[in-house]
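Novice: What follows is a predicted structure for the sequence shown.
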Amino acid sequence: MQDSLAFVSMSTEKSPSRKSRAIVWFRKDLRVKDNPALVAAYNAKKEIVPVFIWNEKEGGQWSPGAASRWWLHQSLIDLGKSIDSNNGKLILRKGIAEYILPLIAKVVGADTVFFNRSYDPAGRQTEISVKDALSRNGIQCESFNGSLLNEPWEIKNGSGKPYQIFTPYWKLSRSGIHKKPTCYEPSKFTFSKDNSPTESLHELGLLTEHPWHEKLHSHWIVSEDEGHKMISRTTQEVTRHYSHRRNIPSINGTSRLSPYLAWGNISPRQICQAVLHSHSNDDPTSTDGNQFLAEIGWREFSYHLLYHFPHLPENPLRPKYAEFPWRKDAQALSNWQLGKTGYPLVDAGMRQLYETGWMHNRVRMVVASFLVKHLLMSWTEGTKWFWDTLVDADLASNTQGWQWAAGCGADAAPYFRIFNPILQGEKFDTSGKYARRWIEPLKELPSKWLFKPWEAPTIVLSQSNVTLGQNYPQPCVDHPQARARALEALATLPKN
Ligand SMILES: Cc1cc2nc3c(=O)[nH]c(=O)nc-3n(C[C@H](O)[C@H](O)[C@H](O)COP(=O)(O)OP(=O)(O)OC[C@H]3O[C@@H](n4cnc5c(N)ncnc54)[C@H](O)[C@@H]3O)c2cc1C
């Protein structure tokens, strides 16, 4: 540290006209384009000291899971390269931001810290502590919105309260899609090279010991540039046929932008602008583009909910569900997690997730409904598994998605809506391509039986090389019975 201080003062002597310095504290905004904190430092004519701090304990049980940590690791490599190519060096540190930022500021002589806000409970708490620590050290601090179209507190209903229904929420907040990304040339930034000691990426220890994450490399390219290629693909191939194709899990009918949004390799403003420019989606009759933009709206809505109801990751929005006696069954949970329920659409989805760190939204709804309704197990078991295995794990959207499926959240599916995993398969995976892709032993089974192999005649099973209970499981529950059990149990909940 002494050496660094000496180095700072030496370089000050040599170049008296040196710009004053500011730290840009990177968080879930791991990009150089459309980054409000970076551009604020640039506009303030600061030499930029870029810093990322990994605090494994931040978030408690919602500290990033294995898949997320892998994505973060790759994103830091990419961000580091972008900063290197602009003659800077990304400082990596492990620990608590409120202690580390004032120390780095002293070492490098920074008078301001710029950062983009995060809106999850732990991130908000960290910001409070950081602001306090910086102010005690006489260091200025400015924060920005780098990850949402609207601030979660900006949208209120007629009574000044947060919305709990999506449609009126989006009607009021939709104009946020017109907000333009900040436009600048990242090569103009002056990054500081006279940095505080950094840890190596390896020392952050992001990659979990279990080598599960290694296979993710064959499914994802993690970089800001790739995020932009994916945006282009979205406007060329996805949004024009979105209404129909978004529900077919065997094709790339959705954008797959979610993991790039989760760590901020790209911003929602960049996506919306690209979609608006590519075709006139502001026309309410253009259903495809609008439907896609409304999904970005669901992400916003999820943050709106999480901001106003920070207890949601652990507790249902509808309190009557808190006391519901969910079943506990470790074997059934494990079968669900590993895609061994005997219901091909559910198993295909869970296997896709375990193999690629991502699952198609239609199938997410089906597997979630299956866990909470067919197996009567708590939605919180589902959030935890998704949290660990999804590359796009996002506290707001994951919580909202699970509470929606369980019927205990905002705008949720009513308790009597129970997805039929057989019909969902036949309707949305008509060709059977998705199920066959993820469940090798069912490859030869004719479509007629694909989503209910237990009903197939023995001869068909043997001709298709399927031996139930051996190379593919028997169904873990009987669908009509499980449905009836769920309806009966959930009907005991108080009406309001
Ligand atoms: C049980 C459950 C859990 C989920 N967990 C997550 C999660 O942890 N992280 C996550 O990003 N999404 C989650 N979702 C929402 C949704 O499944 C994914 O955002 C979507 O599948 C991502 O694929 P895509 O980028 O191709 O989506 P697209 O269909 O291309 O949509 C574009 C973008 O809109 C947003 N979006 C789309 N659908 C939703 C939605 N229902 N809720 C919130 N935002 C949405 C995403 O940011 C997505 O990238 C969950 C949904 C369910 C039912």
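Specialist: Received, thanks.
Novice: What residues does whichever residue of the stretch 351-496 of the chain sits closest to the ligand make contact with?
Specialist: Of all residues in the stretch 351-496 of the chain, Gly401 sits closest to the ligand, at 2.5 Å by CB to the nearest ligand atom. For the C-beta atoms, the positions are set from N, CA and C on the backbone; glycine is no exception. Contacts for Gly401 (CB atoms under 8 Å, 6 or more residues apart in numbering) come out as Ser302, Arg364, Met365, Ala368.
Novice: And for the second one, the neighbour number?
Specialist: Looking back up the chat, that one is Arg364. By other CB atoms under 10 Å, 21 other residues sit near Arg364.
Novice: Provide a list of residues in contact with it.
Specialist: Applying CB under 8 Å, 6+ apart, we find Arg364 in contact with Gly349, Phe386, Gly401.
Novice: hmm, back to that, of the contacts of Gly401, just say which sits nearest to Gly109.
Specialist: Among the contacts of Gly401, Ser302 lies closest to Gly109 (CB to CB), at 40.2 Å.
Novice: circling back: relative to Val107, which of the contacts of Arg364 is nearest.
Specialist: Phe386 (39.8 Å).
Novice: any idea how far the residue of the stretch 101-250 of the chain found nearest the ligand is from Val391?
Specialist: Residue nearest to the ligand within the stretch 101-250 of the chain (CB to the nearest ligand atom): Arg246, separated by 5.4 Å. Distance of Arg246 to Val391, given as CB to CB, to the nearest Å: 19 Å.
Novice: Can you find the helix or strand of this structure with the lowest average pLDDT?
Specialist: Sorting the helices and strands of the chain by mean pLDDT, DSSP states H and E puts helix 2-14 at the bottom, at a mean of 32.
Novice: continuing past that helix, what's the next helix or strand?
Specialist: strand 21-26 (DSSP states H and E).
Novice: show me what contacts Arg351?
Specialist: So Arg351 contacts Leu338, Gly339, Trp438, Ile439 (CB under 8 Å, 6+ apart).
Novice: just to revisit the earlier point, redo the contacts of Arg364 as JSON lines? Include distance to Ser20, secondary structure and pLDDT.
Specialist: Converted to JSON lines, the contacts of Arg364 look like this (distance: CB to CB, whole Å; DSSP: H, G, I helix; E, B strand; the rest coil; pLDDT from 0 to 100):
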{"residue": "Gly349", "distance to Ser20": "53", "secondary structure": "helix", "pLDDT": "98"}
{"residue": "Phe386", "distance to Ser20": "44", "secondary structure": "helix", "pLDDT": "98"}
{"residue": "Gly401", "distance to Ser20": "45", "secondary structure": "helix", "pLDDT": "97"}
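Novice: Show me which of the contacts of Arg351 are buried.
Specialist: Buried members of the contacts of Arg351, counted by 16 or more other CB atoms under 10 Å: Gly339, Trp438, Ile439.
Novice: is it true that Tyr99 touches Ala133?
Specialist: Yes. Tyr99 lies in contact with Ala133 (CB atoms under 8 Å); the separation is 7.2 Å.
Novice: The closest residue to Ser200 other than its chain neighbours pairs with what?
Specialist: Spatial nearest neighbour of Ser200, excluding adjacent residues (CB to CB, 6 or more residues apart in numbering): Leu92 at 7.1 Å. Counting by DSSP bridges, Leu92 is bridged to Phe52.
Novice: Leu92 and the ligand, how far apart?
Specialist: Look at Leu92 and the ligand: by CB to the nearest ligand atom, to the nearest Å, they are 25 Å apart.
Novice: go on, Glu56?
Specialist: According to CB to the nearest ligand atom, Glu56 stands 19 Å off from the ligand.
Novice: Arg417: neighbouring residues, count only.
Specialist: Applying other CB under 10 Å, we find 11 other residues in the vicinity of Arg417.
Novice: Now for it: which residues touch it?
Specialist: Ser369, Gly407.
Novice: interface residues of the stretch 301-450 of the chain facing the ligand?
Specialist: Contacts of the stretch 301-450 of the chain with the ligand, taken as CB under 6 Å from any ligand atom, map to 302, 361, 364-365, 368, 386, 390, 392-394, 397-398, 400-402, 405.
Novice: Just confirm Asp120 contacts Ala396, I think it does.
Specialist: Yes. Between Asp120 and Ala396 there is a contact under CB under 8 Å: 6.8 Å.
Novice: Mind listing the shared neighbours of those two?
Specialist: Shared contacts of Asp120 and Ala396, defined by CB under 8 Å, 6+ apart, are found at Leu306.
Novice: which SS class is Ser135?
Specialist: helix (DSSP: H, G, I helix; E, B strand; the rest coil).
Novice: show me where the stretch 101-250 of the chain has strands.
Specialist: Here the stretch 101-250 of the chain has its strands, by DSSP state E, counting those that start in this stretch, at 110-116, 140-144.
Novice: any chance of these in JSON lines, with distance to the ligand and mean pLDDT too?
Specialist: Rendered in JSON lines, the data for the strands of the stretch 101-250 of the chain read as follows (distance: least, CB to the nearest ligand atom, whole Å; pLDDT from 0 to 100):
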{"stretch": "strand 110-116", "distance to the ligand": "17", "mean pLDDT": "98"}
{"stretch": "strand 140-144", "distance to the ligand": "20", "mean pLDDT": "98"}
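Novice: Turn those into a markdown table, columns for mean neighbour count.
Specialist: Converted to a markdown table, the strands of the stretch 101-250 of the chain look like this (neighbours: other CB atoms under 10 Å):
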| stretch | mean neighbour count |
| --- | --- |
| strand 110-116 | 23 |
| strand 140-144 | 17 |
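Novice: thinking again about what came up before, same drill for Arg246 and Val391, tell me which one is more crowded.
Specialist: Neighbour tally, Arg246 and Val391, criterion other CB under 10 Å: the higher count belongs to Val391, 28 against 21.
Novice: Just to check, Leu38 is in contact with Ile23?
Specialist: No. The pair Leu38 / Ile23 is not scored as a contact, 11.2 Å apart, by CB under 8 Å.
Novice: got any residues that touch both of those two?
Specialist: What both Leu38 and Ile23 touch, as defined by CB under 8 Å, 6+ apart, is the set Ile48, Phe114.
Novice: Next up, the contacts around the nearest residue to Ser255 once chain neighbours are set aside.
Specialist: If the residues on either side of it in the chain are set aside, Ser255 comes closest to Thr234, at 4.2 Å by CB to CB, 6+ apart. Contact partners of Thr234, counting by CB under 8 Å, 6+ apart, are Ser255, Leu257, Ile271, Ala274, Val275, Phe292.
Novice: Pull up the gap between Thr234 and His210, please.
Specialist: Noted for Thr234: a distance of 32 Å to His210, by CB to CB.
Novice: Work out for me the element the closest residue to the ligand within the stretch 1-150 of the chain sits within.
Specialist: Residue nearest to the ligand within the stretch 1-150 of the chain: Ser68 (9.1 Å; CB to the nearest ligand atom). Using DSSP H and E, Ser68 sits in helix 66-84.
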